[in-house]
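A.B. asks: This is a predicted model, with the sequence first.
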Amino acid sequence: MTKPVLEVRSAHKRFGAVHALKGIGLMAYRGEVLALLGDNGAGKSTLIKCVSGVHELDEGDILIDGDKVLIHNPAAARSAGIETVYQDLALFDNLTPAENFYCGRELSFPRWLPRCARFLATRQMDSEAAAVIDRLKVKLPGFDAQVALMSGGQRQAIAVARAAVFARKVVILDEPTAALGLRESRKVLNLIAQLRDEGNAVILITHNMEHVVELADRAVVLRQGHKVGEIEKPNRSNQQDLVAMIVGAE
């Protein structure tokens with residue numbers, strides 16, 4: 001493989017007496033889906049929150065394209081090219097898809113004026129957001145409709161598309177098909193495959209082994225804060241090995 005776009009080295013994180021991450025290492029490459037697996041409390045969410053800037057590592061390094069970066073808040077993670085879609089999606093129900101895309105990152109003009117005195121580039125934001133929605137083949141009831149009026153699958157697709165707009169390196173998806181029906185889950189899985197095919201490194205946190213077998217190019221298993229195993233090209237023949245690592249029966 002080529003140089004990893006994201007590398008985590010010897011990651012440690014403590015919350016008081018709880019040692020949540022115990023020297024975990026992780027690598028993610030462009031054009032692949034990396035499944036991050038483990039039971040509840042294994043350290044998956046803590047690791048992802050450290051990479052995405054919600055928490056800061058106590059020890060260890062995060063490298064982007066081989067260079068060490070300091071990720072001490074979500075803005076630093078976004079500046080490094082990392083976008084994360086959490087389970088709660090973090091969408092504003094009373095805003096349109098385009099307004100959700102650019103909330104906190106609004107485009108404005110003219111640029112020679114101080115930011116507080118500029119006008120919002122509403123047409124440009126609508127056009128660029130619509131282009132991404134169209135590229136990802138997401139069907140919405142109306143591009144000017146509020147997100148609250150959309151289905152769970154459409155809302156999930158908007159969150160994933162928003163990440164695709166701004167992610168230059170890594171897209172992290174935390175249980176992206178949770179609480180979705182079969183048809184809506186299929187649309188989200190297709191989006192994930194498309195993100196990978198476009199050259200993104202995609203980290204997928206999921207408990208659904210069928211989705212791991214279908215999508216993942218590699219799978220890393222965490223248990224009790226340790227990395228306990230890694231399998232290339234998960235498939236039905238090694239699925240039980242993954243399950244054994246997750247539950248500690250290997």
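C.D. replies: Ah, there it is. Quick caveat, the model's predicted, so the values are computed rather than measured.
A.B. asks: What is the neighbour count of Asp61?
C.D. replies: 14 (other C-beta atoms under 10 Å). From N, CA and C alone the C-beta is placed, and that goes for glycine too.
A.B. asks: Which residue is the nearest non-sequential neighbour of it?
C.D. replies: In this structure, Asp61 finds its nearest non-sequential neighbour in Arg9, 4.5 Å apart by C-beta to C-beta, 6 or more residues apart in numbering.
A.B. asks: helix/strand/coil for the one you found?
C.D. replies: strand (DSSP: H, G, I helix; E, B strand; the rest coil).
A.B. asks: same deal with Ile24?
C.D. replies: Relying on three-state DSSP, one would call Ile24 strand.
A.B. asks: just to revisit the earlier point, separation between the residue nearest to Asp61 and Gly25?
C.D. replies: According to C-beta to C-beta, to the nearest Å, Arg9 and Gly25 sit 6 Å apart.
A.B. asks: Which helix or strand contains the residue nearest the centre of the chain?
C.D. replies: If you average the C-alpha coordinates of the chain and look for the closest C-alpha using C-alpha atoms, centre = their mean, you land on Ile172, 1.5 Å from that point. Assessed by DSSP states H and E, Ile172 sits inside strand 170-174.
A.B. asks: which strands and helices sit next to that strand?
C.D. replies: Here strand 170-174 is seen to pack against helix 44-51, strand 82-85, helix 152-166, strand 201-205 when contacts are counted using 3 or more C-beta pairs under 8 Å, 6 or more residues apart in numbering; DSSP states H and E.
A.B. asks: For it, buried residues please.
C.D. replies: Judged by neighbour count (16 or more other C-beta atoms under 10 Å), strand 170-174 contains these buried residues: 170-174.
A.B. asks: Please identify the pairing partners of it and their relative orientation?
C.D. replies: Partners of strand 170-174 in the sheet, by DSSP bridges, are strand 82-85 (parallel), strand 201-205 (parallel).
A.B. asks: which of the buried residues of strand 170-174 lies closest to Ala216?
C.D. replies: Ranked by distance to Ala216 (C-beta to C-beta), those are led by Leu173 at 11.7 Å.
A.B. asks: Compute the first-to-last residue distance for stretch 142-157.
C.D. replies: With C-alpha to C-alpha, to the nearest Å as the measure, the ends of stretch 142-157 fall 14 Å from one another.
A.B. asks: beta partners for the closest residue to Asn200 other than its chain neighbours?
C.D. replies: Distance criterion C-beta to C-beta, 6+ apart; nearest residue to Asn200, sequence neighbours excluded, is Val171 at 5.2 Å. Beta-bridge pairing for Val171 (DSSP bridges): Glu83, Val202.
A.B. asks: What about Val132, how many residues nearby?
C.D. replies: Neighbour count for Val132, taken as other C-beta under 10 Å: 17.
A.B. asks: Am I right that it falls within a helix?
C.D. replies: Yes. Counting by three-state DSSP, Val132 is found in a helix.
A.B. asks: give the contact list for it.
C.D. replies: With contacts defined as C-beta atoms under 8 Å, 6 or more residues apart in numbering, Val132 is in contact with 101, 161, 164-165.
A.B. asks: picking up where we left off before, right, so of the helices and strands packed on strand 170-174, which gets closest to Thr2?
C.D. replies: Checking these against Thr2 by C-beta to C-beta gives strand 201-205 as the closest, at 11.1 Å.
A.B. asks: For the residue nearest to Asn200, list the residues it contacts.
C.D. replies: Contact partners of Val171, counting by C-beta under 8 Å, 6+ apart, are 83-85, 160, 163-164, 195, 200-203.
A.B. asks: So for the helix or strand just after the strand holding Ile172, what gets flagged as buried?
C.D. replies: Tracing the chain C-terminally past strand 170-174 and defining elements by DSSP H and E, one meets helix 182-197 next. Neighbour-count burial for helix 182-197, counted by 16+ other C-beta under 10 Å, picks out 184-185, 187-189, 191-192, 194-196.
A.B. asks: Now do helix 182-197 and strand 201-205, the angle between them.
C.D. replies: With axes from the mean of the first three to the mean of the last three C-alpha atoms, to 10 degrees as the criterion, the two stretches helix 182-197 and strand 201-205 enclose an angle of 150 degrees.
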